[in-house]
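Engineer: below are the sequence and a predicted model; questions follow.
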Amino acid sequence: MIALLLALQTTDTTTTEPPAATTTEPPTATTTVTPTVTATPTSDDDRYVGRAAPATSAGTTSFAEGHLRAGLEVFAQYAYRVTYGAPDSWFHEFDVPRAHGSIDGTYESVHARVLMEAVRSTPQGALYGVDGDSFVFRAREAFAEVTPIPLLTVRGGLVPTLTIPELDGTWMMRAIAPSMLESSGLASPADLGAQVLGNLPSGYGWVGLGAYNGEGYHQAELNRGKNIELATAVHPLPQSDALKPLALHLGYTAGSSGAEKARADRLETALLWQGKLVRGGAALTYGWGENQDSSLRALIVDGFVRLEPVDRFFAGVRASFFQRNLDARDSIFTGHVALGYRVAKPMEVYLAGSRSVPTAIVRDANPGSDFIELRAVTRIVF
């Protein structure tokens with residue numbers, strides 16, 4: 001896959017600043033944005049050559065300025081799904097998979113961010129929620145951070161974790177699908193805890209250490225154990241215009257989950273290409289413990305590519321395999337293809353297709369997991 005990305009990348013020689021340790025990357029208070037009148041909408045993609053884009057983009061675009069900045073990101077879609085089983089069925093609906101609103105504040109070396117997201121009030125499997133099944137808002141990120149010396153940042157609160165944002169920020173098509181690492185439940189994109197983040201000199205990447213409750217951002221702590229995450233993304237040739245997008249991500253989480261303190265250790269590796277015209281990678285995750293069962297061993301293999309050969313037009317493909325139990329035929333494959341068009345700088349539209357193919361064990365345990373789906377999706381971010 002990397003050979004293909006190298007061949008396609010030969011015309012991509014854009015250079016940008018080295019990767020930053022934070023995933024939100026707010027503009028500083030002195031940033032100025034000069035409006036440009038042009039027939040072709042531009043994007044912020046140039047900023048993310050050789051680095052991951054923010055996994056939660058509200059308030060991180062060039063529209064956000066000043067010491068105190070507001071932002072939003074919305075995914076809206078129409079989906080038609082055919083589910084295979086006994087019997088086969090079809091369903092279609094309008095939905096809002098993501099609605100984020102953010103407030104960022106920056107003064108000198110201090111930064112704070114609060115990100116709220118809308119979710120259905122009825123938990124999966126429950127009968128009643130707030131006012132039926134209304135959308136309600138909950139905190140997705142809420143942290144303060146300080147950069148006491150150059151290249152070093154310390155943050156605490158409800159913080160983004162280190163691996164899922166790197167994968168989502170590399171593909172830059174989160175409106176189509178989350179990473180399998182997130183959708184499988186093996187890891188969470190955010191958690192309550194603290195982090196120390198450091199940029200490696202000369203654009204060679206970053207390294208981070210985090211300590212979290214371990215239950216994700218949507219649950220309270222259930223045991224006395226704490227999860228420790230160590231991760232790094234290394235760019236071996238940051239001074240080379242041709243090879244600057246190449247990155248190796250490596251992470252390990254030692255932790256537990258649930259009231260019984262079940263083992264939840266994760267080893268994550270990924271080979272990534274973070275260019276402007278071409279972005280993609282291959283990732284592998286090995287898990288000790290799954291679904292609060294310490295005895296299970298799980299495996300995820302994930303591959304994804306995003307191409308923008310013509311300005312404003314882009315395409316993406318993602319294929320993921322999740323083996324929930326390596327000792328049984330307990331697995332699911334998901335594939336996604338999408339074509340996109342940038343209508344204006346803050347707005348993208350997509351046509352997407354998805355296929356989910358589970359084994360019989362998964363199909364019996366999760367009715368509805370065997371399906372094909374077609375979607376029309378809109379993403380707007382400020």
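Structural biologist: Received it, and whenever you're ready, just let me know what you need. Numbering: from 1, shown residues only.

Engineer: check which helix or strand covers Ala282.
Structural biologist: strand 278-290 (DSSP states H and E).

Engineer: partner strands of that strand and their direction?
Structural biologist: In the sheet, strand 278-290 lines up against strand 265-274 (antiparallel), strand 293-310 (antiparallel) (DSSP bridges).

Engineer: list the buried residues for the shortest one?
Structural biologist: Meaning strand 265-274. By neighbour count on 16 or more other C-beta atoms under 10 Å, the buried set for strand 265-274 is Asp265, Arg266, Glu268, Ala270, Leu271, Leu272, Trp273, Gln274. Just so you know, the C-beta spots here come from the backbone N, C-alpha and C atoms, and that holds for glycine as well.

Engineer: what does the longest one give?
Structural biologist: Under the neighbour-count criterion of 16+ other C-beta under 10 Å, strand 293-310 has Ser294, Leu296, Ala298, Leu299, Ile300, Asp302, Gly303, Phe304, Val305, Arg306, Leu307, Glu308 buried.

Engineer: leaving out sequence neighbours, find the closest residue to the second one.
Structural biologist: It refers to Leu296. Glu290 (4.3 Å; C-beta to C-beta, 6 or more residues apart in numbering).

Engineer: try the last one
Structural biologist: Distance criterion C-beta to C-beta, 6+ apart; nearest residue to Glu308, sequence neighbours excluded, is Phe314 at 4.1 Å.

Engineer: the first one now?
Structural biologist: Leaving aside its sequence neighbours, Ser294 sits nearest to Arg263 (C-beta to C-beta, 6+ apart; 4.0 Å).

Engineer: from Thr253, how far out is that neighbour?
Structural biologist: Arg263 sits 11 Å away from Thr253, going by C-beta to C-beta, to the nearest Å.

Engineer: and these two? Which one has more around it.
Structural biologist: Comparing Arg263 with Thr253 by other C-beta atoms under 10 Å, the one with more neighbours is Thr253, at 24 against 18.

Engineer: circling back: distance check, the residue nearest to Leu296 against Val301.
Structural biologist: Going from Glu290 to Val301 by C-beta to C-beta gives 15 Å.

Engineer: I'd say the residue nearest to Ser294 and Arg297 touch.
Structural biologist: No - using C-beta atoms under 8 Å, Arg263 makes no contact with Arg297, being 10.3 Å away.

Engineer: tell me, what residue is most central in the protein?
Structural biologist: Nearest residue to the geometric centre of the chain (C-alpha atoms, centre = their mean): Asp168, 3.1 Å.

Engineer: mind checking pLDDT for Ser320?
Structural biologist: Ser320 is assigned 98 on the pLDDT scale.

Engineer: the residue nearest to it when sequence neighbours are not counted: neighbour count?
Structural biologist: Of all residues not flanking Ser320 in the chain, Met180 sits nearest, at 3.7 Å (C-beta to C-beta, 6+ apart). Residues near Met180, counting by other C-beta under 10 Å, number 24.
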